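Asks: Pasting a predicted model and its sequence here:
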Amino acid sequence: MGDFMIHCGWNSCMESMPWARRDEYVTSEMVVKTLMDSTEGFEMRKRAADMSKAIKTSVMDGGMNRTKMISFTTHITRLKSDLLLTII
């Protein structure tokens, strides 16, 4: 999995495409056909469903992301309290 951070500018979008395919515009029809009528589309849908399940599990009570966020919030709150005590 990768990321591409942009400021929503056209140049950033164009730079993200390989030069060899700049003249090929992707239509919604091409996307739908790929997603619905191909093995590649089936695999994409399966990976999306797996990712959805993993994300839901991580953010529910007891999930890894929820636990880490609570731990981080507690740590920051404790630091703030300690800092206030040293100032007073």
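Replies: Okay, I see it.

Asks: Quick check: which ranges of the protein have low pLDDT?
Replies: Residue ranges of the chain with pLDDT under 70: 1-23, 88.

Asks: Which residue ranges of it form helices?
Replies: 10-15, 28-37, 39-59, 64-87 (DSSP state H).

Asks: for the third one, packing partners?
Replies: Translated: helix 39-59. helix 28-37, helix 64-87 (3 or more Cβ pairs under 8 Å, 6 or more residues apart in numbering; DSSP states H and E). C-betas here are computed from N, CA, C, even on glycine.

Asks: Return that helix as CSV; C-alpha atoms alone will do.
Replies: This file holds the C-alpha atoms of helix 39-59, laid out as CSV (Å, rounded to 0.1, in the frame of the first residue of the first chain):
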residue,chain,number,x,y,z
THR,A,39,-10.4,-11.4,-11.9
GLU,A,40,-8.4,-8.3,-11.1
GLY,A,41,-11.7,-6.5,-10.1
PHE,A,42,-12.7,-9.5,-7.9
GLU,A,43,-9.3,-9.4,-6.2
MET,A,44,-9.6,-5.6,-5.6
ARG,A,45,-13.1,-6.0,-4.1
LYS,A,46,-11.8,-8.8,-1.9
ARG,A,47,-8.9,-6.7,-0.7
ALA,A,48,-11.2,-3.8,0.0
ALA,A,49,-13.5,-6.0,2.0
ASP,A,50,-10.5,-7.4,4.0
MET,A,51,-9.2,-3.9,4.6
SER,A,52,-12.6,-2.7,5.8
LYS,A,53,-12.8,-5.5,8.3
ALA,A,54,-9.3,-4.9,9.6
ILE,A,55,-10.0,-1.2,10.0
LYS,A,56,-13.3,-1.8,11.8
THR,A,57,-11.5,-4.2,14.1
SER,A,58,-8.7,-1.8,14.9
VAL,A,59,-11.0,1.1,15.9
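
Asks: Run the chain-centre distance for that helix.
Replies: 12 Å (Cα atoms, centre = their mean, to the nearest Å).

Asks: about what we covered before: is it possible to export the helices and strands packed on helix 39-59 to JSON lines including distance to Met51 and mean neighbour count?
Replies: Below are the helices and strands packed on helix 39-59 laid out as JSON lines (distance: least, Cβ to Cβ, whole Å; neighbours: other Cβ atoms under 10 Å):
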{"stretch": "helix 28-37", "distance to Met51": "15", "mean neighbour count": "11"}
{"stretch": "helix 64-87", "distance to Met51": "13", "mean neighbour count": "10"}
